[in-house]
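# what follows is a predicted structure for the sequence shown.
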Amino acid sequence: MEPVLQAKGIQKYYGSVCAIEHIDFEIYPGEVVALLGDNGAGKSTFIKILSGVVKQNHGQILIDGKPVQFASPMEARRFGVETVYQDLALAPDLDVTANIFLGREILRGGLLGRLGFLDKREMRGQVAGRLDQLKVSIKSVAQIVSELSGGQRQAVSIVRAASWGRKLVIMDEPTAALGVEESAKVLDLIKQVKARGIPVLLVTHTLPYAFDVADRIVVLRLGRSVADLRADETDTNEVVQWITGSKTVDRIAELQGHRG
Amino acid sequence: MDNIDGRLQTEDSQTVPAAPRAKSRAWLKKLGDFWTLGILVIILAVFGILQPSFLSVSNWFNTTTYMTETLLLAIGETYVIITAGIDLSVGAVEGLAGIVAALVMVALEPHGATFAMIGGTLAGMLTGVLFGLLNGLVITAMKVTPFIVTLGTMGIATGLTFILSGGTDVVNLPNQLSNIGNATVLGVFSFPTFVTVLCLIAAGIMLYQTRFGRYVYAIGSNAEAARRAGIPVNRNLIKVYTLSGAIAALSGILLLTRFATGSPLTGTNDELNAIAAVVIGGTSLFGGRGTIVGTLIGAAIISVLITGLVILSVQPYWQTVAIGVIIIIAVWIDQFRHRMA
C-alpha cells in the first residue's frame, strides 16, 4: 500500500539554529500515528512544515507519491492536509456551523448566491450529519462556541478538520487543555475519525493516550526521527527510552563503530 | 505523566462553580438583549408624561429625521466595531463630504440643477469612499491601530473641510435640493429617514445573510482564526472601513438636502453619538458581537433623549453630558458581559 503522505529527509534551520536535522515519516490510509518527543525534539517545527506554516530547507513531501510544495497553510489545506491547532483556532462568537464552515461557506444558488448570500440551512444540515457520524454530542449546531465546554470546542475543531482533511488530519496536543474525562472523549473522536478512513497524526506528551489510539508511534529526538514503532509491539518503557535518548540509533552505530 | 494528576485537579476546580455561573450568564444574556428596548420605552414614557406633545406626529418626524444623522453613521460604525475596530473619522468625513458635495453643486449649477445635484452627490460619495479606503489601507498595510488611524483622518478631514469652505457656509445650492430633503415618503418618513431605513435594511441583511457579514463577525471574534481559515482578513477590513466612509458621506449629503446649506461645522462630534448608539445597542467593543437592530435601538435612545431634552427646554449643553453618561454605562455593561462570557 502506498503511503498517503510521506516526508523524506526533512531538514529545517532557523538562521544557524538547527530545528530539524533529518526526519523521515510516512502515514498510510486510515492510520493513526502518534508523534512523540521531548521539548525541542522538533515536533512543532515538523507539523508546521506539514501544515504549510513554515518551509523546510531540505527534503521532500509527497502526497500519494507525488512531490508537493506548500507555500502557505491554505495550500496545504487545498491538498487535503488539515491541522487542529493547540490554541483552538475557533471564532468564539460564531456558532458551531459557522465555525466548521469558516472560510468554506456554502452559498445559495442563483442570483442570491452570486450576491454572497449564505445557504445556512444546507450548512446546518451537513454539520448535523457530520456530528452524528462522528458521534459528537452538541446540543445544537446553532450553539455559540463560547458557550461550549473545552472538550466540545476541541470536538468542533476536530470535526472541522476531519470534514476537510481528505489526506491527513494533524492534531497538535488536542488534549492539552482538557480534563481526563474530556480527553477520553477526544480520543474516542479520534477513533471515529480513523474509522472513517482519514489518517491522523497526533502530537502528544501523554504516552497512555498515544497507546490508546495510535497504530504507530514515531519518536523524534533532537531534530531526528529516531524510532518508528508499531504500538502493539512496543511498550511505554521502550518509547520512554527512545524519547529520553537512553536508547539511540547513534549509540548502536557508535558501539558498532568501536567494535569494528 | 504526573501532568495527568495536575489536570485532574484543575478539572475539579473548574467544574464545581460552573453551574451557578451558567445560570447568571444566561440571565445576563437575556438582560443584554432586552434592556435597551426597555430603556427606550421608559424614556419615551417619561417624556410623554412630562410633555404630551412629545408623542405628536410632528415630533415623530423631527425625532426620526434627527435620528438619521446618528443612525447612518452608526450603521457603518456597527460593522467597524464588530471587527473589533473603531472609526473616529465618520463625523469629520460626513462634514467634508457635505462640503465637497455643496461646492461641486454650486460649481455645476450653471449646467442645470439636476446635473449639479448628481455631480455633487457623486463627488461627496467619492470623498467618503476615499477616506474609508485610506483608513482601511493604513490600518491593514501599515498596521497602525484603528483608533490612531481614524483619529488622524478625523483631523485631516476636519482640516480639509475648513480649507475648502474657507470656514464659512457654502450657500446658493440648487433650490430643488431642499424640495427633495423636505419631501415626505410613504406618508411617515422624511426623505432622509426613508434613505436611512433602506440603508438599515440593506446593512442588516448583508450582515446576517451574506458571507461578507459572516466574515465581519469572524474577524472581530478571532482574527487569527479567520486568517487560518483562509479568510482574506485585510481585504474585508478595507471593505468595512470603506463602507463606513461611504455611509458617512451619504449622511453628509442628506444633511445638505435638509438645510440646503453646507456648513463646515456639520458632523462635529457626531462620531460620539454614533459610537454611543452602537455600544448602547449591544455591539461589543471587543468585537465579534453586535446587531443592526441593536444599533437602531441605540440610535433611537440617543435621539429621543436629545429631542426630548430640547422639548423640555433643558439647556442644550446637557445633551452631551447625557450621552457621555450613557456611553460609560453601556461600555461598563459590555465589559461585564464580556467577562461573564
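All right, it came through fine. Keep in mind that this is a model prediction, so the values were computed, not measured.
# okay, strands next: where are they in chain A?
A:5-14, A:17-27, A:32-37, A:58-63, A:66-68, A:81-84, A:168-172, A:200-203, A:216-221, A:224-230 (DSSP state E).
# between the fourth one and strand A:5-14, how many degrees?
Right, strand A:58-63. Relative orientation of strand A:58-63 versus strand A:5-14 (axes from the mean of the first three to the mean of the last three C-alpha atoms, to 10 degrees): 150 degrees.
# do you know which of the strands of chain A lies nearest chain B?
Across these, chain B has its closest neighbour in strand A:81-84 (8.4 Å, C-beta to the nearest C-beta). Where you see a C-beta, it was placed from the backbone N, CA and C, and this is true even at glycine.
# now tabulate the strands of chain A in TSV and tack on distance to chain B and mean pLDDT.
Below are the strands of chain A laid out as TSV (distance: least, C-beta to the nearest C-beta, whole Å; pLDDT from 0 to 100):
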stretch	distance to chain B	mean pLDDT
strand A:5-14	20	92
strand A:17-27	21	91
strand A:32-37	13	93
strand A:58-63	19	92
strand A:66-68	18	91
strand A:81-84	8	92
strand A:168-172	12	92
strand A:200-203	15	93
strand A:216-221	16	92
strand A:224-230	19	89
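# dump those to a markdown table, plus distance to B:Gly282 and mean neighbour count.
Below are the strands of chain A laid out as a markdown table (distance: least, C-beta to C-beta, whole Å; neighbours: other C-beta atoms under 10 Å in any protein chain shown):
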| stretch | distance to B:Gly282 | mean neighbour count |
| --- | --- | --- |
| strand A:5-14 | 45 | 18 |
| strand A:17-27 | 46 | 19 |
| strand A:32-37 | 45 | 25 |
| strand A:58-63 | 47 | 17 |
| strand A:66-68 | 47 | 12 |
| strand A:81-84 | 32 | 26 |
| strand A:168-172 | 36 | 25 |
| strand A:200-203 | 40 | 25 |
| strand A:216-221 | 49 | 24 |
| strand A:224-230 | 53 | 18 |
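# quick one: which of those strands is nearest A:Gly116?
Closest of those to A:Gly116 is strand A:81-84, at 24.7 Å (criterion: C-beta to C-beta).
# show me where pLDDT drops low in the chain?
Went with chain A since none was named. Counting by pLDDT under 70, the ranges of chain A that qualify are A:88, A:249-260.
# correction: the question concerned chain B.
In chain B (pLDDT under 70), the answer is B:1-34, B:338, B:340-341.
# show me where it has helices.
B:2-15, B:18-50, B:57-82, B:90-108, B:113-141, B:146-165, B:176-181, B:191-209, B:211-221, B:223-228, B:233-259, B:270-280, B:292-311, B:318-340 (DSSP state H).
# just put the ones you listed in a markdown table and tack on distance to chain A and mean neighbour count.
Output for the helices of chain B, formatted as a markdown table (distance: least, C-beta to the nearest C-beta, whole Å; neighbours: other C-beta atoms under 10 Å in any protein chain shown):
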| stretch | distance to chain A | mean neighbour count |
| --- | --- | --- |
| helix B:2-15 | 3 | 12 |
| helix B:18-50 | 8 | 13 |
| helix B:57-82 | 9 | 24 |
| helix B:90-108 | 24 | 28 |
| helix B:113-141 | 18 | 21 |
| helix B:146-165 | 19 | 19 |
| helix B:176-181 | 29 | 17 |
| helix B:191-209 | 5 | 18 |
| helix B:211-221 | 4 | 25 |
| helix B:223-228 | 4 | 20 |
| helix B:233-259 | 11 | 25 |
| helix B:270-280 | 16 | 27 |
| helix B:292-311 | 14 | 23 |
| helix B:318-340 | 10 | 15 |
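# of all the ones you listed, which lies closest to A:Ala128?
A:Ala128 sits nearest to helix B:211-221 of all those, at 18.7 Å, using C-beta to C-beta.
# give the other helices and strands that the closest one contacts.
helix A:96-100, helix B:57-82, helix B:191-209, helix B:223-228, helix B:233-259 (3 or more C-beta pairs under 8 Å, 6 or more residues apart in numbering or on different chains; DSSP states H and E).
# show me the contact partners of the third one.
Counting by C-beta atoms under 8 Å, 6 or more residues apart in numbering or on different chains, the neighbours of helix B:191-209 from elsewhere in the structure are A:117-118, B:61, B:64-65, B:67-68, B:71-72, B:75, B:78-79, B:82, B:180-186, B:189, B:212-213, B:216, B:247, B:250, B:254-255, B:257-258, B:291-293, B:296.
# chain B contacts on the stretch 151-260 of chain A?
Residues of the stretch 151-260 of chain A found near chain B (C-beta under 8 Å from any C-beta of the partner chain) are A:178-183, A:205-208.
# top of those by number of neighbours, please.
Among those, A:Ser183 has the most neighbours (other C-beta atoms under 10 Å in any protein chain shown), with 25 neighbours.
# could you dump the strands of chain A into TSV and include distance to B:Ala203?
Output for the strands of chain A, formatted as TSV (distance: least, C-beta to C-beta, whole Å):
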stretch	distance to B:Ala203
strand A:5-14	45
strand A:17-27	48
strand A:32-37	47
strand A:58-63	44
strand A:66-68	43
strand A:81-84	34
strand A:168-172	38
strand A:200-203	43
strand A:216-221	52
strand A:224-230	54
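# who wins for proximity to B:Val240 among the ones you listed?
Using C-beta to C-beta, those put strand A:81-84 closest to B:Val240, at 28.0 Å.
# what strands line up against the closest one, and which way round?
Sheet pairing for strand A:81-84, assigned by DSSP bridges, gives strand A:168-172 (parallel).
# how about the strand it pairs with as PDB, C-alpha atoms only?
This file holds the C-alpha atoms of strand A:168-172, laid out as PDB (Å, rounded to 0.1, in the frame of the first residue of the first chain):
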ATOM      1  CA  LEU A 168      -4.300  13.900   6.700                       C
ATOM      2  CA  VAL A 169      -5.600  15.500   9.900                       C
ATOM      3  CA  ILE A 170      -2.800  16.800  12.100                       C
ATOM      4  CA  MET A 171      -3.700  17.300  15.800                       C
ATOM      5  CA  ASP A 172      -1.300  19.300  17.900                       C
END
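# re the thing from before, looking at the residues of the stretch 151-260 of chain A next to chain B, spot the one nearest chain B.
The closest of these to chain B turns out to be A:Gly179 (C-beta to the nearest C-beta; 3.0 Å).
# who touches stretch A:6-16?
A:18-27, A:42, A:45-46, A:49-50, A:54, A:56-63, A:65.
# before we move on, what about stretch B:126-141?
For stretch B:126-141, contacts defined as C-beta under 8 Å, 6+ apart pick out B:85, B:87, B:89, B:93-94, B:96-97, B:100-101, B:144-146, B:149-150, B:153, B:157, B:233-234, B:237-250, B:252.
# alright, I will stop here.
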